[in-house]
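>>> task: produce atomic coordinates for the following.
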Amino acid sequence: MLKEREYCFADILEVTGGLKSNLSQHLKVMAKKGILNVRRDGQCSHFSLSSKKVAQACELMREQNKEKINNKYLEVARTLQEAGAEAIVICANTPHMVFPFVQPKIDIPILHIAHAIGNQAFKKELKTLGLIGNRATMKGDFIS
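The predicted model follows:
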């Protein structure tokens with residue numbers, strides 16, 4: 001939605017059908033992190049994406065083209081490695097999809113949140129864990 005043009009808060013609220021306070025918090029966080037631009041006009045705040053790269057990343061994930069996603073993450077991982085990173089941390093649900101593809105192709109470790117959670121669950125003898133995630137995570141083979 002925001003990749004085409006800027007939208008007033010009221011328009012975003014109407015399209016998403018969310019709670020006003022919840023949407024407001026989400027937009028504030030994204031603006032603070034530089035994902036969104038905010039322009040105030042009288043009583044209305046207008047929001048737009050801060051860069052085309054954000055729109056491209058969103059579109060890439062929306063497409064769910066695993067080959068494209070793998071290749072993009074591999075490109076980013078290699079860039080981080082070349083910049084001197086000693087490790088890469090995956091601490092979100094979606095990037096788990098690229099782990100088996102990317103890790104063998106780089107020379108630094110990927111620290112995967114699922115491994116840390118699995119280790120803690122094992123130590124605490126937990127047998128059943130719940131997972132909240134996006135469509136790709138819930139339909140994929142994240143953890144078995």
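
>>> hey, let's count contacts and neighbours off CA atoms from now on
Fine.

>>> surely S48 meets I12?
No - using C-alpha atoms under 8 Å, S48 is not in contact with I12; the gap is 10.8 Å.

>>> where do the helices of the protein begin and end?
Using DSSP state H, the helices of the chain run over 9-16, 20-32, 52-63, 66-82, 99-102, 113-123, 135-139.

>>> any chance of TSV for those, columns distance to G42?
Below are these laid out as TSV (distance: least, C-alpha to C-alpha, whole Å):
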stretch	distance to G42
helix 9-16	12
helix 20-32	17
helix 52-63	27
helix 66-82	40
helix 99-102	47
helix 113-123	44
helix 135-139	38
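
>>> domain-wise, how is the chain divided?
What automatic domain parsing lists as the domains of the chain is 7-52, 65-139.

>>> end to end on the first one, go ahead and measure it.
Across its full length, domain 7-52 reaches 16 Å between end residues, using C-alpha to C-alpha, to the nearest Å.

>>> got it, and the last one?
End-to-end distance of domain 65-139 (C-alpha to C-alpha): 14 Å.

>>> just the mean pLDDT for that domain, thanks.
Domain 65-139 shows a mean pLDDT of 86.

>>> now do the shortest one
When pLDDT is averaged along domain 7-52, the result is 84.

>>> how far out from the middle of the chain is it?
18 Å (C-alpha atoms, centre = their mean, to the nearest Å).

>>> check stretch 47-59 too.
Centroid separation for stretch 47-59 versus its chain: 12 Å, with C-alpha atoms, centre = their mean.

>>> V98 contacts K72, doesn't it?
No - at 9.4 Å, V98 does not count as touching K72 under the criterion of C-alpha under 8 Å.

>>> still on that earlier bit, out of the domains of the chain, nearest to C58?
C58 lies closest, by C-alpha to C-alpha, to one member of those: domain 7-52, at 9.9 Å.

>>> quick one: pLDDT of the residue nearest to I69 when sequence neighbours are not counted?
Nearest residue to I69, sequence neighbours excluded (C-alpha to C-alpha, 6 or more residues apart in numbering): L60, at 6.6 Å. What the model reports for L60 is a pLDDT of 80.

>>> tally of neighbours for L60?
15 (other C-alpha atoms under 10 Å).
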